[in-house]
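Colleague: Sharing a sequence plus its predicted fold:
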Amino acid sequence: MNIGPSGAERRHRVLVVEDDPMMAEVIASYLNHAGMLVAVAADGVMALDGFQAFNPDLVILDRMLPRLDGTHVCRKLREQSSVPIILVTALGEQDDRIHGLELGADDYVTKPFSPRELVLRAQALLRRSAGHTPQPQPAPQTRQVEDLVMDLTTRQVTKAGKPLRFTGRERDLLDFFFDHPGETFRKDELMQRVWQWKVGDSSMISVYVRRLREKIETDPANPTIINTIWGVGYRFGPTP
């Protein structure tokens, strides 16, 4: 695993997992220019080892890798961490993108892509991730739906008293739901209001809702917290 030059100040650490040396060099160069500290892993096994050693703030993960492919790496990383993951794929089909999101990726780019766009996506995920860092404050208040509780001071979420962990985009959506209990939203409304996406694949919302249900519902197959309003969209909690 190769690590770029370090500076005295704390810089965001990005693990780039890419088996094409030229592509890895280009991505690392753009990220370094944007002020990030970069480590490069050339295959899936090195990626898992490098993740433990480098402790990155973000992972850019190629889907097609030797030794252990990117889908397995993504699944393994998500089992142990909520670090943001951008999946890089040469396959542009909708089912392929959805599969990557279901595995736990927060975003994806399709080859060929603009390195500048990749940097902007990385910066956006890092900002959101930093925004979810708990900030200790006095006199916490809570919101609760069934046994799911959010501490409005720290934004920590627990179910039946046990802390839950979410990816960046899962957390964006859950925060929005907690701020709008009892309201019903269409998929396109959620895309625009949560992430300011005016265009995009609305099926991604279904993926994130499914992932949230697996974590917050007692029975994800029969949800009672995130309710599907058929022909309309989703509602969080009971109707006021």
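Modeller: Sure, I can see it. Numbering: from 1, shown residues only.
Colleague: ok, and the closest non-adjacent residue to residue 90?
Modeller: residue 111 (4.5 Å; CB to CB, 6 or more residues apart in numbering). C-beta coordinates here come from the backbone N, C-alpha and C atoms, glycine included.
Colleague: The one you found contacts residue 87, correct?
Modeller: No. Judged on CB atoms under 8 Å, residue 111 makes no contact with residue 87 at a distance of 11.1 Å.
Colleague: between those two, who's got more neighbours?
Modeller: The neighbour comparison of residue 111 against residue 87 (other CB atoms under 10 Å) goes to residue 87, with 27 against 14.
Colleague: Find the helix or strand that that one is a member of.
Modeller: Using DSSP states H and E, the element containing residue 87 is strand 85-89.
Colleague: Low-confidence bits of the protein, can you list those?
Modeller: 1-10, 91-97, 131-140, 199-200, 239-240 (pLDDT under 70).
Colleague: cutoff 50 now
Modeller: 6-8, 134-139 (pLDDT under 50).
Colleague: Report the angle between the lengthiest helix in it and strand 85-89.
Modeller: For the chain, the helix with the greatest residue count under DSSP state H is helix 115-131. Interaxial angle, helix 115-131 versus strand 85-89 (axes from the mean of the first three to the mean of the last three CA atoms, to 10 degrees): 160 degrees.
Colleague: from now on call the first residue 54
Modeller: Taking 54 as the first residue, the last one we looked at is helix 168-184.
Colleague: Can you name every helix or strand that the helix or strand following helix 168-184 contacts?
Modeller: For helix 168-184, the succeeding helix or strand toward the C-terminus, using DSSP H and E, is strand 195-198. Contact partners of strand 195-198 among helices and strands, from 3 or more CB pairs under 8 Å, 6 or more residues apart in numbering; DSSP states H and E: strand 201-204.
Colleague: The residue most central in space within the chain and residue 194, how far apart?
Modeller: Nearest to the mean C-alpha position of the chain, by CA atoms, centre = their mean, lies residue 159 at 3.0 Å. Note on residue 159: its distance to residue 194, by CB to CB, to the nearest Å, is 28 Å.
Colleague: can you map out the helices along this protein?
Modeller: Secondary structure of the chain (DSSP H): helices at 74-86, 97-107, 123-133, 147-156, 168-184, 221-232, 240-248, 256-269.
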